[in-house]
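# attaching a predicted model along with its sequence, questions to come.
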Amino acid sequence: MHINCCPCISGEMDSGDRSDLISPTTSSPPSHIVTIPFPGRGHINPMLSLCLLLSPKTLTVTIIVTEEWLNIINSDHPSPSLPSNLQIRSIPNVLPSERTRGSNYTEFFNSVMSKMADPVQRVLDELNPPVDVVIGDALLPWVAGICEKRNVSAVSLWTESASSFYALYKFDQLDAAGGLPEDFSGVEELTYLQDVSSTHIAGLLPNATTLDLLRAMSRDYYWFHTAHSVLTTSFDNLESSAMTKIRSDFSIPIYPIGPLIPHRLPPSPPPSPYLQWLDSQPESSVLYVSLGSFLSISDSQLEEIAMGLMESKVKFLWVLRDKPLCVDEDTGLVLPWCHQLRVLCHSSVGGFLTHCGWNSTLEAVFAGVPMITYPLFWDQQPNSKLVVEDWGIGVRLKEYHGEEIVRKELVVKKVRKLMDLGDEESKGMRERAARLKEMCGEALGVGGSSQQNLDDFLKQFISRKV
Ligand code: UDX
């Protein structure tokens with residue numbers, strides 16, 4: 001086992017003020033909170049943000065990741081600015097590499113289920129002070145067993161939308177009752193659930209492979225029933241109908257404390273060529289393009305998107321992790337990685353072509369940037385529906401996450417539409433995106449719902465222990 005104390009994370013994550021630090025002499029606060037994220041970018045990022053929210057409110061916070069993730073975090077964030085009471089511990093690399101996760105997701109998922117718990121327990125055994133509370137990713141059911149054995153409270157962190165949480169529950173109910181039809185298309189109950197228009201079970205089910213995955217996920221996330229409470233990365237007013245449904249169906253306390261994104265950006269970022277390039281572009285003129293952290297698209301689809309972007313004449317900044325593509329600076333920039341939230345918050349960025357991962361969706365909401373949606377997998381289809389239909393802050397490029405290729409003509413049309421600041425529909429989307437941004441700021445602000453929910457979560461936790 002390898003233990004690494006306090007490695008470096010970026011200057012974006014400030015240590016916060018520690019005025020409300022719970023002193024060790026108060027009744028029974030959680031003094032050591034341990035967090036265990038699912039090993040993927042879309043889960044580790046929000047868990048790290050949660051650790052930073054918790055660090056001023058407790059004595060010690062520990063996050064446990066694989067060695068590979070420890071290295072990724074260190075190289076993403078080279079300066080030593082973690083709060084002194086936040087430590088990162090690592091387990092050996094017992095899983096397939098993050099670099100190949102997308103190519104065999106089932107194998108990766110099975111390894112997470114069978115190989116992580118033992119080394120995590122060994123780290124827990126060595127922690128001093130001992131752990132009081134474990135916050136585990138909702139997709140790590142073995143966290144419940146570990147906590148039961150140690151007689152410590154387990155909290156589940158749900159890193160997708162509240163709507164998907166509810167869809168999974170409804171799916172499981174139907175499945176358990178033997179009510180799943182052979183063909184999902186056109187089954188009203190599986191498309192839009194009453195009072196939660198964004199809940200779209202059929203969107204999670206494009207093919208049989210996903211049906212198996214869906215069964216595995218709905219089985220695994222169920223451990224939240226035995227948890228002390230559930231935290232979500234969303235915020236109250238973003239998905240109020242889904243939250244109301246969840247709260248009425250479950251007695252377990254649910255706290256939306258988001259958006260859980262690294263939003264405390266320092267005023268002067270380290271200089272980087274892509275930010276300098278953005279500085280030189282007119283306001284709201286650049287389309288940011290990123291299709292997530294681990295899935296890839298086919299070469300032919302990539303080509304159609306590339307040709308469409310170039311023919312649109314809209315400048316773009318495109319994150320393409322594993323494929324080189326040369327364009328001149330008058331057309332756009334192509335990078336293997338960037339600081340996404342900083343890019344989205346740049347005044348030159350006027351739109352986001354996204355796969356609709358939940359973190360990317362929340363980051364765009366935070367930045368007030370309208371979207372062009374291109375879902376690839378899993379919850380991204382329902383997220384795309386939230387963006388386009390429920391919130392009215394985006395247009396669809398791809399209807400379903402299937403095999404069909406989106407042609408360059410459609411790319412040109414959608415990109416020009418969204419990025420045309422004079423277009424009435426585009427203006428409407430921008431206005432609604434600006435309103436959502438405001439709501440997001442209110443939730444995060446002093447006395448806002450997310451701060452209040454975090455405080456309630458901690459208080460409720462203390463009162464349980466007394
Ligand atoms: C996965 C699933 O795809 C997603 O649907 C689910 O909600 C969470 O897990 P992922 O594909 O990684 O997520 O997408 P997303 O949730 O959007 O997370 C990607 C993260 O990587 C974001 O926080 C984004 O800011 C970050 N990122 C991405 C960068 O910092 N730089 C980049 O260049 C690209």
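Yep, it's here.
# quick one: name the residues of the protein near the ligand.
By the rule Cβ under 6 Å from any ligand atom, the part of the chain lying against the ligand is 40-43, 45, 159-160, 290, 292-294, 319, 337-341, 357-360, 363, 378-380. C-betas here are computed from N, CA, C, even on glycine.
# in helices, which of those appear?
Those of the residues of the chain next to the ligand mapping onto helices are R41, G42, H43, N45, Q340, L341, W358, N359, S360, E363, Q380, per DSSP state H.
# the ligand: which of those residues is nearest?
Nearest to the ligand among those is G42, at 2.4 Å by Cβ to the nearest ligand atom.
# what number of residues lie near that closest one?
Neighbour count of G42, defined by other Cβ atoms under 10 Å: 19.
# now F235
For F235, using other Cβ under 10 Å, the count is 27.
# how far away is it from the ligand?
15 Å (Cβ to the nearest ligand atom, to the nearest Å).
# now do Q460
From Q460 to the ligand the distance is 26 Å (Cβ to the nearest ligand atom).
# any buried residues in whatever helix or strand that residue lives in, and which?
Applying DSSP states H and E as the criterion places Q460 in helix 449-465. Residues S449, S450, N453, L454, F457, L458, F461 are the ones in helix 449-465 that count as buried (16 or more other Cβ atoms under 10 Å).
# which non-adjacent residue is nearest the fifth one?
The shortest distance from F457 to any non-neighbouring residue, by Cβ to Cβ, 6 or more residues apart in numbering, is to Y255 (4.5 Å).
# circling back to that earlier point, now which of the residues of the chain next to the ligand would you call buried?
40-43, 45, 159-160, 290, 292-294, 319, 338-341, 357-360, 363, 378-380.
# so what's E363 up against?
P259, I261, Q340, L341, L344 (Cβ atoms under 8 Å, 6 or more residues apart in numbering).
# and the third one, what's its pLDDT?
At Q340, the predicted lDDT confidence score is 95.
# my read: it touches L291, true?
No. Taking contacts as Cβ atoms under 8 Å, Q340 lies outside contact range of L291: 11.8 Å.
# can you pull out the low-pLDDT segments for the stretch 151-300 of the chain?
Residue ranges of the stretch 151-300 of the chain with pLDDT under 70: 179-210, 266-267, 293-295.
# in it, mark out all the strands, start to finish.
Secondary structure of the stretch 151-300 of the chain (DSSP state E, counting those that start in this stretch): strands located at 153-158, 229-232, 254-256, 286-290.
# let's have the ones you listed in TSV, adding distance to G368.
Output for those, formatted as TSV (distance: least, Cβ to Cβ, whole Å):
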stretch	distance to G368
strand 153-158	24
strand 229-232	21
strand 254-256	19
strand 286-290	13
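# what sits against the closest residue to the ligand within the stretch 51-200 of the chain?
Per Cβ to the nearest ligand atom, E160 is where the stretch 51-200 of the chain lies closest to the ligand, at 4.5 Å. Each residue near E160 by Cβ under 8 Å, 6+ apart is listed here: T233, W358, D379, N383.
# what do you get for H346?
L275, L278, D279, V286.
# does the second one touch V343 like I think?
Yes. Contact between L278 and V343 holds when scored by Cβ under 8 Å: they sit 7.0 Å apart.
# shared neighbours of these two, anything?
L317, V349.
# the top helix by length along the chain: which residues count as buried?
Longest helix in the chain by number of residues (criterion: DSSP H): helix 424-444. In terms of neighbour count (16+ other Cβ under 10 Å), helix 424-444 has its buried residues at S426, M429, R430, R432, A433, L436, K437, M439, C440, A443, L444.
# ditto for stretch 304-312
Quick answer for stretch 304-312 (16+ other Cβ under 10 Å): E304, I305, A306, G308, L309, M310, S312.
# so for that stretch, what's the average pLDDT?
96.
# can I get that stretch as CSV, trimmed to CA atoms?
The C-alpha trace of stretch 304-312 is given here as CSV (Å, rounded to 0.1, in the frame of the first residue of the first chain):
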residue,chain,number,x,y,z
GLU,A,304,-18.2,15.1,-40.1
ILE,A,305,-18.0,17.2,-36.9
ALA,A,306,-14.6,18.7,-38.0
MET,A,307,-15.8,19.6,-41.5
GLY,A,308,-19.1,21.0,-40.0
LEU,A,309,-17.2,23.2,-37.5
MET,A,310,-14.9,24.5,-40.2
GLU,A,311,-17.6,25.2,-42.7
SER,A,312,-19.7,27.0,-40.1
